[in-house]
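In: my questions concern the predicted model and sequence given below.
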Amino acid sequence: MQELRIKELLLRGKPGTDVLVKGWIRTRRDSREFSFLEINDGSCLMNLQVIVSQEMPGFSQVLKLTTGSSLEVRGKLVQSPGKGQAVELHAESVVVHGIANPDFPLQKKKHSFEFLRQIAHLRPRTNTLGAVARLRSSLSFAVHSFFQERGFFYVQTPIITTSDCEGAGEMFHVTTLDLKNIPRNESGDLDYTQDFFGKPASLTVSGQLEGEAMAMALGRIYTFGPTFRAENSNTPRHLAEFWMIEPEAAFFTLQNDMDLAEEFVRYLCTYVLEKNSDDLSFFNERIDKDLIARLEGIASSPFQRITYTDAMKILEEKNSSFEFPVKWGSDIQSEHERYLSETVFRKPVIVYDYPKEIKAFYMRLNEDGRTVRAMDVLVPGIGELIGGSEREERYDVLLGRIKELGLNSENYWWYLDLRKYGSAPHAGFGLGFERLLLLVTGMSNIRDVILFPRFPGNAEF
């Protein structure tokens with residue numbers, strides 16, 4: 001007797017085969033002679049219909065089963081007379097592992113996403129969040145496949161850091177100091193010499209700086225891990241804890257960086273269209289009717305590329321319709337990103353060569369002295385998906401930028417060292433994994449594409 005996941009059984013199960021299936025009940029309905037169970041085991045969106053005859057030993061136990069109960073069923077596959085699946089299972093024995101209480105909150109009805117966030121430990125059992133979880137798994141594999149196929153090495157950068165990569169100061173501090181009895185030095189400041197690391201430490205906002213060190217040794221690397229932002233943003237696009245994919249490549253220019261980013265996004269869209277068609281069809285039907293067409297467009301068409309200066313000219317003509325009017329030197333807001341990608345070009349757009357004042361210290365200064373070799377990838381439905389740049393490889397220029405922005409150069413001594421010992425042109429970018437999940441699912445809130453979301457005021461579960 002074979003033990004099969006429901007996905008395999010529905011794809012390749014042959015009538016007449018004896019099988020063992022384990023899962024959870026989605027629904028149960030009874031007739032005079034039979035009980036009809038819909039069982040799901042998380043392997044796919046579809047349920048397996050199980051028919052239990054009243055002649056089966058222990059049938060009375062089946063009548064006690066509730067939605068959410070766990071069980072295993074042994075029986076024989078038969079050709080299904082109904083529509084939707086080729087086979088169904090005629091039970092010969094049922095073992096009940098856990099009866100779900102009658103107050104199980106996921107009954108057969110529509111639940112709002114706001115409600116489901118309150119029961120994040122149970123919501124993966126819903127069709128929507130189960131499909132999100134399967135797509136996260138599939139895309140994680142695709143990320144590694146893409147970079148490994150192109151000669152990039154996977155590296156793990158620190159979670160705890162003493163460097164602020166973005167220079168914005170929105171970091172979660174890590175300490176072992178007694179907050180009820182905080183030690184002070186003679187000037188009245190916190191005495192970090194008594195802390196665990198002997199200096200201020202925080203959760204990382206990016207593995208980029210350490211990634212650059214690895215790229216100077218291995219040539220091409222990528223990171224894929226959790227990052228943290230203590231930004232008080234209650235928006236559908238921001239999380240306090242999220243996953244970031246960050247490649248870094250020696251001897252890459254901004255042009256190479258844009259090429260890699262475009263190839264990466266198109267690869268991932270192609271991958272899910274080929275490997276996750278059932279879950280994508282679900283999202284296309286229930287969440288976003290244009291999802292599959294949009295992903296097919298991204299996968300098949302070259303991205304538009306435009307300088308920041310030219311993008312500003314386009315946006316300034318529509319200033320009267322924006323909540324945040326723009327001018328040269330303004331940061332590009334979400335409404336501007338979506339206007340460019342959804343209305344003007346109707347495809348992904350790469351905006352590059354930004355004013356230095358609105359970008360981080362490590363981005364390479366252009367010859368005009370006003371702009372840096374930065375780029376953002378904007379996609380329809382999301383806005384910014386990727387941010388990247390060619391890095392400043394010149395020691396004197398980098399040191400000047402650090403001082404210009406009021407950062408403490410001593411905190412970046414080792415990063416500056418990379419410019420002293422065999423410095424080379426290099427570039428990289430960061431892609432927020434949850435933003436990618438928004439793109440491929442059509443979901444509207446980033447809190448619904450990560451299992452246990454962390455955001456201001458919420459660290460439950």
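Out: Now that the structure is in, tell me what you want to look at.

In: rest of the way, CA atoms for contacts and neighbours
Out: OK.

In: what is the burial count for Pro247?
Out: Residues lying near Pro247 (other Cα atoms under 10 Å) number 29.

In: ok now do it, which residues does it touch?
Out: Contact partners of Pro247, counting by Cα atoms under 8 Å, 6 or more residues apart in numbering, are 152, 211, 220-223, 428-430.

In: relative to Arg136, how far out is it?
Out: For Pro247, the distance to Arg136 equals 19 Å [Cα to Cα, to the nearest Å].

In: turn the contacts of Pro247 into a markdown table, including neighbour count.
Out: Listed next are the contacts of Pro247 as a markdown table, based on neighbours: other Cα atoms under 10 Å:
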| residue | neighbour count |
| --- | --- |
| Phe152 | 21 |
| Gly211 | 24 |
| Arg220 | 25 |
| Ile221 | 26 |
| Tyr222 | 28 |
| Thr223 | 24 |
| Gly428 | 30 |
| Phe429 | 25 |
| Gly430 | 23 |
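
In: mind putting those into CSV with pLDDT?
Out: Below are those laid out as CSV (pLDDT from 0 to 100):
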residue, pLDDT
Phe152, 98
Gly211, 97
Arg220, 98
Ile221, 98
Tyr222, 98
Thr223, 98
Gly428, 98
Phe429, 98
Gly430, 98
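
In: distance of the nearest residue to Glu3 once chain neighbours are set aside relative to Arg29?
Out: Nearest residue to Glu3 in three dimensions, chain neighbours excluded: Leu20, at 4.5 Å (Cα to Cα, 6 or more residues apart in numbering). Per Cα to Cα, Leu20 is found 21 Å from Arg29.

In: now swap in His97 and tell me
Out: His97 is 20 Å from Arg29, by Cα to Cα.

In: okay, the two: which has more neighbours?
Out: Taking other Cα under 10 Å, His97 and Arg29 do not tie; His97 has more neighbours (13 against 10).

In: now the helix or strand where that one lies: buried residues?
Out: His97 is part of strand 87-98, with elements assigned from DSSP states H and E. For strand 87-98, the buried set under the neighbour-count rule, 16 or more other Cα atoms under 10 Å, comprises 87-92, 94, 96.

In: what residues does that strand touch?
Out: Contacts of strand 87-98 (Cα under 8 Å, 6+ apart): 10, 13-15, 48-53, 56-58, 61-62, 69-80.

In: now, those residues that are in strands?
Out: 48-53, 70-79 (DSSP state E).

In: buried among the residues you listed? Need that as a selection in PyMOL.
Out: Buried residues within the ones in strands among the contacts of strand 87-98, by 16+ other Cα under 10 Å, are selected in PyMOL with:
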select buried, resi 48+49+50+51+52+53+70+71+72+73+74+75+76+77+78
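
In: of the ones in strands among the contacts of strand 87-98, which is the nearest to Phe322?
Out: The closest of the ones in strands among the contacts of strand 87-98 to Phe322 turns out to be Leu48 (Cα to Cα; 50.1 Å).

In: in the sheet, who's paired with that closest one?
Out: Ile39 (DSSP bridges).

In: what about the residue nearest to Glu3, which helix or strand?
Out: Element membership of Leu20 [criterion: DSSP H and E] is strand 18-30.

In: can you give me the neighbour number for Gly400?
Out: Neighbours of Gly400 (other Cα under 10 Å): 13.

In: cool, and the one 10 residues further on?
Out: The burial count assigned to Glu410 is 10, neighbours taken as other Cα under 10 Å.

In: point out where this structure drops to low pLDDT.
Out: Residue ranges of the chain with pLDDT under 70: 167-169.

In: for the stretch 101-250 of the chain, which segments count as helices?
Out: 113-117, 127-149, 208-218 (DSSP state H, counting those that start in this stretch).

In: got TSV for the ones you listed, with distance to Leu378 too?
Out: Formatted as TSV, these follow (distance: least, Cα to Cα, whole Å):
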stretch	distance to Leu378
helix 113-117	26
helix 127-149	19
helix 208-218	21
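
In: and those: which comes nearest Lys180?
Out: Ranking these by proximity to Lys180 (Cα to Cα) places helix 113-117 first, at 33.0 Å.

In: and the strand holding His97, which strands flank it?
Out: Strand 87-98 sits in its sheet next to strand 48-53 (parallel), strand 70-79 (antiparallel), going by DSSP bridges.

In: can I get it in CSV, CA atoms only?
Out: What follows is strand 87-98, C-alpha atoms only, in CSV (Å, rounded to 0.1, in the frame of the first residue of the first chain):
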residue,chain,number,x,y,z
VAL,A,87,-10.0,9.7,-8.9
GLU,A,88,-11.6,9.5,-5.5
LEU,A,89,-10.8,7.2,-2.6
HIS,A,90,-13.1,4.6,-1.2
ALA,A,91,-12.1,4.1,2.4
GLU,A,92,-11.5,0.7,3.9
SER,A,93,-10.2,2.0,7.3
VAL,A,94,-10.0,5.4,9.0
VAL,A,95,-7.7,6.4,11.9
VAL,A,96,-8.6,9.6,13.6
HIS,A,97,-5.6,11.5,15.1
GLY,A,98,-7.2,14.7,16.3
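
In: which residue ranges form the helices in the stretch 251-400 of the chain?
Out: 254-275, 277-286, 291-300, 308-316, 334-338, 395-404.

In: and the helices of the stretch 101-250 of the chain, which is most packed in?
Out: Of all the helices of the stretch 101-250 of the chain, helix 208-218 has the most neighbours on average by mean count of other Cα atoms under 10 Å, namely a mean of 20.

In: packing partners of that one?
Out: Taking 3 or more Cα pairs under 8 Å, 6 or more residues apart in numbering; DSSP states H and E as contact, the helices and strands that helix 208-218 lies on are strand 220-228, strand 241-250.

In: list the contacts of it.
Out: If you take Cα under 8 Å, 6+ apart as the criterion, helix 208-218 is touched by 153, 155, 157-158, 165, 221-223, 246-250, 415, 418, 423-424.

In: select only the buried ones of those in ChimeraX?
Out: In ChimeraX, a selection of the buried entries from the contacts of helix 208-218 looks like this (16+ other Cα under 10 Å):
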select :153,155,157,165,221,222,223,246,247,248,249,250,415,418,423,424
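
In: mind listing what's buried along the strand holding Leu20?
Out: Quick answer for strand 18-30 (16+ other Cα under 10 Å): 18-28.

In: what helices and strands are in contact with that strand?
Out: strand 2-3, strand 34-40, strand 70-79.

In: kind regards, and thank you for your time.
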